[in-house]
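Chemist: what follows is a predicted protein model with its sequence.
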Amino acid sequence: MSAGMRFANLMIILIPFLSVGAAIYMLWPFGFGWASLGLLVGMYVLTGLGVTVGYHRLFTHKSFETGPIMTAIIGIAGSMAVEGPIIGWVADHRRHHQHSDQELDPHSPHTHGAGIWNLLKGAWHAHMGWLVTKGTKTDYYRYAPDLLRNRQVVWLSRTFPIWALLGIAIPTVLGGLITMSWTGALLGLAWGGLVRIFLVHHITWSINSVCHIWGARDYDCGDESRNNAICGILGFGEGWHNNHHAFPTSARHGLRWWQVDTSYWFIRAMEALGLAKSIKVPSPERLATKRRAA
């Protein structure tokens with residue numbers, strides 16, 4: 001991977017985050033305070049885990065099992081991230097795995113040719129451009145037939161607009177109640193709603209872009225997936241992307257003790273409470289078969 005493409009991808013990711021950080025710093029004296037920060041962080045964790053634990057590890061890869069109540073809760077939390085209905089998200093992601101870094105991959109940065117313009121186009125496409133420029137619509141019946149037969153998941157997908165609006169309404173109402181003011185409600189909408197959606201989206205998209213360009217490859221899996229520590233922490237464990245591509249059905253993505261995987265901890269906590277079972281994790285022998293030589 002060329003230095004130009006790595007730099008372009010890095011700028012696409014860092015500039016928006018630095019802008020949000022600057023906005024928080026500048027707005028703090030004018031009303032942005034602990035209530036707004038708490039709503040931003042709280043909604044980020046709730047909806048981020050809804051995507052990583054629900055959309056990704058439960059619905060897409062079936063890496064664990066849970067009952068209908070927790071399925072609904074996790075599915076609604078993921079829907080509040082406003083990344084689209086469950087079935088469409090799952091179909092796109094399964095398509096990505098089936099054709100990773102090949103022509104039919106919906107968001108690979110590696111299928112756009114050489115030259116600086118193509119390098120920039122690939123970085124942009126992988127991060128978020130694929131959402132508006134991808135060609136053929138993903139075939140849900142091909143990539144997610146199991147979910148189309150699941151009445152609960154179909155209902156959650158069809159009611160997606162309700163949950164997306166709920167994800168904006170909750171921080172707005174809480175901001176107003178905490179501060180007992182319309183200003184607090186507006187700040188809750190801005191930071192717990194809109195800015196939080198922006199951050200969750202960019203972290204999710206960074207798994208598509210950053211984690212196919214920057215990082216280590218611990219396992220052989222036939223593509224350019226990478227383990228990236230920053231995305232691993234901010235993305236609740238999703239940034240250990242090479243691990244995930246090597247063992248897609250594993251509920252645990254951080255396969256080494258130091259690889260922080262908040263989503264896996266959450267799944268284990270569910271298990272301890274009797275809310276999750278059949279948690280899939282690769283055996284040491286299976287890990288050894290795909291580990292790259294040092």
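Modeler: Yep, that arrived.

Chemist: use CA for all of it now, contacts and neighbours both
Modeler: Will do.

Chemist: what does residue 94 show for phi and psi?
Modeler: phi -60, psi -40 (degrees, to the nearest 10).

Chemist: give me the most central residue, this structure.
Modeler: Taking CA atoms, centre = their mean, the centroid of the chain lies closest to residue 204, which sits 3.4 Å from it.

Chemist: which one is it nearest to, not counting chain neighbours?
Modeler: Once flanking residues are discounted, residue 204 sits nearest to residue 235: 7.0 Å by CA to CA, 6 or more residues apart in numbering.

Chemist: can you pull the contacts of that neighbour?
Modeler: Taking CA atoms under 8 Å, 6 or more residues apart in numbering as the contact definition, residue 235 lies against 48, 52, 203-204.

Chemist: adding secondary structure as columns, could you present the residues you listed in a markdown table?
Modeler: Listed next are the contacts of residue 235 as a markdown table, based on DSSP: H, G, I helix; E, B strand; the rest coil:
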| residue | secondary structure |
| --- | --- |
| 48 | helix |
| 52 | helix |
| 203 | helix |
| 204 | helix |
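
Chemist: now a PyMOL select for only the buried ones of the residues you listed.
Modeler: This is the PyMOL syntax for the buried subset of the contacts of residue 235, where burial follows 16 or more other CA atoms under 10 Å:
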select buried, resi 48+52+203+204
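
Chemist: check the contacts of residue 235 and tell me the two furthest apart.
Modeler: Greatest spatial distance among the contacts of residue 235 (CA to CA): 52 and 203, at 10.9 Å.

Chemist: remind me which residues of this structure are low pLDDT?
Modeler: Residues of the chain meeting the criterion pLDDT under 70: 1-17, 19, 26, 30, 113-115, 133-136, 294.

Chemist: hey, where'd the strands end up in it?
Modeler: The residue ranges that make up strands in the chain, judged by DSSP state E, are empty, as it has none.

Chemist: gap between stretch 269-283 and the chain center?
Modeler: Relative to the mean C-alpha coordinate of its chain, stretch 269-283 is positioned 21 Å out (CA atoms, centre = their mean, to the nearest Å).

Chemist: report the buried residues of it.
Modeler: Counting neighbours by 16+ other CA under 10 Å, stretch 269-283 gives 271, 275-277, 279-281 as buried.

Chemist: same check on stretch 51-67?
Modeler: Residues of stretch 51-67 classed as buried by neighbour count (16+ other CA under 10 Å): 51-66.

Chemist: residue ranges for the helices of the stretch 51-200 of the chain, please.
Modeler: With DSSP state H, counting those that start in this stretch applied, the stretch 51-200 of the chain shows helices at 68-79, 86-98, 116-124, 130-133, 140-143, 145-148, 151-158, 160-179, 182-187, 196-209, listed in chain order.

Chemist: which one of those helices is the most hemmed in?
Modeler: Counting by mean count of other CA atoms under 10 Å, helix 196-209 has the highest mean neighbour count of the helices of the stretch 51-200 of the chain, with a mean of 22.

Chemist: now the angle between helix 86-98 and it, please.
Modeler: Using axes from the mean of the first three to the mean of the last three CA atoms, to 10 degrees, the interaxial angle of helix 196-209 with respect to helix 86-98 works out to 20 degrees.

Chemist: next one: helix 196-209 to chain centre, how far?
Modeler: From the chain centre to the centre of helix 196-209 is a distance of 6 Å (CA atoms, centre = their mean).

Chemist: likewise stretch 241-260?
Modeler: 14 Å.

Chemist: got the end-to-end distance for it?
Modeler: Across stretch 241-260, the terminal residues are separated by 12 Å (CA to CA, to the nearest Å).

Chemist: cool, and stretch 203-215?
Modeler: For stretch 203-215, the first-to-last residue distance is 15 Å (CA to CA).

Chemist: who's in contact with it?
Modeler: Applying CA under 8 Å, 6+ apart, the external contacts of stretch 203-215 come out as 1, 6, 9-10, 13, 107-109, 123, 126-128, 224-229, 231, 234-235, 238-239, 241-242.

Chemist: can you say which of those residues are buried?
Modeler: Counted by 16+ other CA under 10 Å, these give 6, 9-10, 13, 107-109, 123, 126-128, 224-229, 231, 234-235, 238-239, 241-242 as buried.
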